[in-house]
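Engineer: What shape does this take:
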Amino acid sequence: MKRKIILAAVILLLSATVETFAGPPFRTDDPVPVPYMHGELYFFSSGVVDGTGTSGVGPAVEFNYGIFPNTQFHVVAPMAFDAPKRAASYAGYGDTEIGVKYRFVEQSGLIPDIGVFPLVEIPTGSAAKGLGSGRTQLYVPLWLQKDIGNWTIYGGDGYWFNPGAGNRNWDFSGVLVQYNFSDAFFLGAEIFHQTASTVVAAGYTGIHLGGSIPVARDYQILLSGDAGNGITSYKHFGYYLGLYHTF
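Structural biologist: You can find the predicted model right below:
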């Protein structure tokens with residue numbers, strides 16, 4: 001009788017859906033907000049190395065908090081850096097990002113989580129030094145997520161309003177598949193595509209591989225990277241490395 005009870009418990013544990021967090025370290029985001037009256041912090045750096053030089057942010061801080069049920073406040077405060085190969089390098093405070101994530105459909109049965117996560121990029125960084133855009137930008141995406149056992153699939157599409165001379169409004173879409181060993185240990189892969197954001201740039205498609213490793217109670221290391229992936233002619237190395245804390 002004991003063996004049957006233990007076997008039933010093991011089967012139930014293996015078939016249970018793991019409650020996951022998503023978004024960083026990937027570019028594709030998810031519709032699930034931080035639980036009401038709970039928060040999370042990311043201390044991170046992310047950037048791109050390509051034929052023109054190196055640019056990105058770090059150290060940077062991302063703060064999310066559940067201000068209402070199914071509603072999350074979001075802010076990113078970054079230090080930015082720009083080190084072109086044939087010009088002067090600069091570092092300083094970058095553009096501030098604020099937003100609100102709202103989930104208006106919770107998953108059940110075949111229905112996924114569905115939510116919106118509009119973001120505003122405030123031009124607090126110096127555009128002349130390559131540390132900011134110089135203009136207010138707006139991103140309006142729609143995200144969906146479905147959990148199936150220990151697997152999580154999420155993705156969606158959004159439109160960037162990108163004003164300024166030489167700039168173009170552009171689109172970002174992505175989908176991610178993630179396997180959750182636990183709520184703090186996962187591996188995932190995303191494929192994404194973005195259209196051209198300036199009149200001299202080209203759109204490109206990329207793949208990120210990454211995950212999360214628990215290091216202490218309520219702390220995780222997040223990391224991801226891509227290296228051009230052979231999907232487009234854009235040769236580069238992109239990375240994300242961060243420390244995550246939930247409370």
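Engineer: those helices in this structure, which residues are they?
Structural biologist: 2-15 (DSSP state H).
Engineer: where does the chain dip in pLDDT?
Structural biologist: Counting by pLDDT under 70, the chain contains low-confidence residues at 1-22, 227-234.
Engineer: what is residue 103 paired to in the beta sheet?
Structural biologist: Assessed by DSSP bridges, residue 103 has beta-bridge partners residue 115.
Engineer: Confirm for me that it is in contact with residue 31.
Structural biologist: Yes - counting by CB atoms under 8 Å, residue 31 is a contact partner of residue 103 at 5.0 Å. From N, CA and C alone the C-beta is placed, and that goes for glycine too.
Engineer: intersection of neighbour lists for these two?
Structural biologist: 113-115 (CB atoms under 8 Å, 6 or more residues apart in numbering).
Engineer: neighbour-wise, which of these leads?
Structural biologist: With neighbours taken as other CB atoms under 10 Å, the top of the shared contacts of residue 103 and residue 31 is residue 115, carrying 25 neighbours.
Engineer: how much space between that one and residue 74?
Structural biologist: 12 Å (CB to CB, to the nearest Å).
Engineer: which neighbours do these two share?
Structural biologist: In contact with both residue 115 and residue 74: residue 101, using CB under 8 Å, 6+ apart.
Engineer: re the thing from before, between residue 103 and residue 31, point out the one with more neighbours.
Structural biologist: It is residue 31, of residue 103 and residue 31, that has more neighbours when counted by other CB under 10 Å, with 27 against 21.
Engineer: For the residue nearest to that one when sequence neighbours are not counted, list the residues it contacts.
Structural biologist: Spatial nearest neighbour of residue 31, chain neighbours left out: residue 115 (2.9 Å); criterion: CB to CB, 6 or more residues apart in numbering. Shown in contact with residue 115 (CB under 8 Å, 6+ apart): 30-33, 70, 101-105, 142-143.
Engineer: List the buried residues of the top strand by length along the chain.
Structural biologist: Secondary structure assigned by DSSP state E gives strand 53-68 as the longest strand of the chain. If you call a residue buried by 16 or more other CB atoms under 10 Å, then strand 53-68 has these buried ones: 55-58, 60, 62, 64-66.
Engineer: just to revisit the earlier point, which one of the shared contacts of residue 103 and residue 31 is nearest to residue 138?
Structural biologist: Among the shared contacts of residue 103 and residue 31, residue 115 lies closest to residue 138 (CB to CB), at 17.2 Å.
Engineer: how near is the closest one to residue 101?
Structural biologist: 6 Å.
Engineer: got any residues that touch both of those two?
Structural biologist: The contact lists of residue 115 and residue 101 share 31, 33, where a contact means CB under 8 Å, 6+ apart.
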